[in-house]
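> coordinates for the following, if possible.
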Amino acid sequence: MTPASKRFLHPEAIRRIGRLELRARHIVEGLLSGMHRSPYFGQSVEFLQHRQYAPGDDLRHVDWKAWAKQDRLYVKQFEEDTNMRCTLLLDVSASMQYGSGPLNKYEYAATVVTSLAYLLLKQHDAVSCIAFDESIRTRTPLRSTQAHLKAIVRALDASNPLNKTDTGAIFREVAEVSPRRGMVAVVSDMLGNVDSSLRGLRLLRQRGHDVMVLHVMDDDELDFPFDGPTRFEGLELPDHLTCNPRALREGYLTALDRFLTTLRRGCARDGIDYALIRTSDPLDAALAAFLYRRVAAERMH
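Residues are numbered from 1 along each chain as shown. Purely as a prediction, here's the structure:
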């Protein structure tokens, strides 16, 4: 199954939709309308009971082990668990202010988080949202009503990027205060100590959470297109550097590749779903590709 062919919403079009709630509604409803089936993800089901097979029942639900033992056909019945718990973690550190296109990293990431919240609430799951930098800035409780989206949007609107970040410490704190298993979705540029971040993500997995990382980066950060004398100013440090970027390009791209490889391999090792997303990517296309990949992975298990 692949995403349906359609004209996707580019960041410039999304930027013109000022309110986060309307952006999310526009993205998710458009995404769903272009798919043959809902891309809902993380939905869990629990075995309920057996009943005797009746002509016309789906053979995929026949319990063949029971047939082998009793020589009778039984069908497995399941009860859908519609109250999955999902915590959305949004990075609101100062580095998220950077942007070379219509949306900076924070605006793009906040739109992704709101869209995920809208989709989860639409399938009646319980959602909490945490905005963080070096500490937790805002937190909404777990709720499963559609009205909860407004509380999430208010929390994000009040969380303008400001301070440095400590992703590893935040992930460990979330693991400590989230005793019940659920889904944890991180939307961040992941800039910082990659080893500390991976240790925090690993702890979340060890506590039984289904963990996703949506790694949001700007084209400038990934391609380093600068040419001619340039002044680089730190967003989380008071330092600045004036230089000829051509002299730095090879070393920068080598360090970037090392960082991305370490993060990607660390996530794969610990069973964490990872996706690198550019802020120039159409938001609905990026979400559709990510959700389809999760659906495909769930079908394989």
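> switch to C-alpha atoms for all contacts and neighbour counts from now on
Noted.
> quick one: mean pLDDT over stretch 225-239.
Regarding stretch 225-239, the rounded mean pLDDT is 65.
> same question for stretch 164-180.
Averaged over stretch 164-180, pLDDT sits at 91.
> give the buried residues for that stretch.
Within stretch 164-180, the residues that count as buried by 16 or more other Cα atoms under 10 Å are 164-175.
> going by distance to residue 63, which of those residues wins?
residue 175 (37.0 Å; Cα to Cα).
> ok, and the closest non-adjacent residue to the closest one?
residue 204 (5.2 Å; Cα to Cα, 6 or more residues apart in numbering).
> give me every residue that touches that neighbour.
171-172, 174-175, 211 (Cα atoms under 8 Å, 6 or more residues apart in numbering).
> likewise for residue 14?
Residue 14 sits next to residue 23 when contact means Cα under 8 Å, 6+ apart.
> helix or strand right after the host helix or strand of it?
In this structure, residue 14 sits in helix 11-15 according to DSSP states H and E. Later in the chain than helix 11-15, the nearest helix or strand by DSSP H and E is helix 20-33.
> buried stuff in that next one?
Within helix 20-33, the residues that qualify as buried by neighbour count (16+ other Cα under 10 Å) are 20-21, 23-24, 26-28, 31-32.
> with respect to residue 98, which of the residues you listed is nearest?
Out of the buried residues of helix 20-33, the member with the shortest distance to residue 98 (by Cα to Cα) is residue 20, at 18.8 Å.
> once you drop chain neighbours, what's closest to the closest one?
Excluding the flanking residues, the one nearest residue 20 by Cα to Cα, 6+ apart is residue 111, at 6.2 Å.
> that neighbour against residue 18, yeah?
No: using Cα atoms under 8 Å, residue 111 is not in contact with residue 18, being 10.6 Å away.
> looking at the two now, which is surrounded by more residues?
More crowded of residue 111 and residue 18, by other Cα atoms under 10 Å: residue 111, with 25 against 9.
> mind checking which of the buried residues of stretch 164-180 land in helices?
Counted as lying in helices by DSSP state H, out of the buried residues of stretch 164-180, are 167-175.
> looking at these, which one is closest to residue 252?
residue 167 (22.1 Å).
> and the nearest residue to that closest one once chain neighbours are set aside, what element?
Excluding the flanking residues, the one nearest residue 167 by Cα to Cα, 6+ apart is residue 197, at 5.5 Å. Element membership of residue 197 [criterion: DSSP H and E] is helix 194-206.
> convert that helix to CSV, retaining C-alpha atoms only.
Extracted in CSV, the C-alpha atoms of helix 194-206 (Å, rounded to 0.1, in the frame of the first residue of the first chain):
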residue,chain,number,x,y,z
VAL,A,194,23.2,12.3,20.8
ASP,A,195,24.4,9.7,23.2
SER,A,196,22.4,11.2,26.0
SER,A,197,19.3,11.4,23.8
LEU,A,198,19.6,7.8,22.8
ARG,A,199,19.9,6.7,26.4
GLY,A,200,16.7,8.6,27.2
LEU,A,201,14.9,7.1,24.3
ARG,A,202,16.1,3.6,25.2
LEU,A,203,14.8,4.0,28.8
LEU,A,204,11.3,4.9,27.3
ARG,A,205,11.5,1.6,25.3
GLN,A,206,12.6,-0.4,28.3
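> next, the buried residues of that helix.
Of the residues in helix 194-206, 194, 196-205 count as buried by neighbour count, 16+ other Cα under 10 Å.
> dump the residue contacts of the closest residue to residue 135 other than its chain neighbours.
In this structure, residue 135 finds its nearest non-sequential neighbour in residue 170, 6.6 Å apart by Cα to Cα, 6+ apart. By Cα under 8 Å, 6+ apart, the contact set of residue 170 is 132, 134-136, 200.
> which of these has the most neighbours?
Counting neighbours by other Cα under 10 Å, the top entry in the contacts of residue 170 is residue 132, with 24 neighbours.
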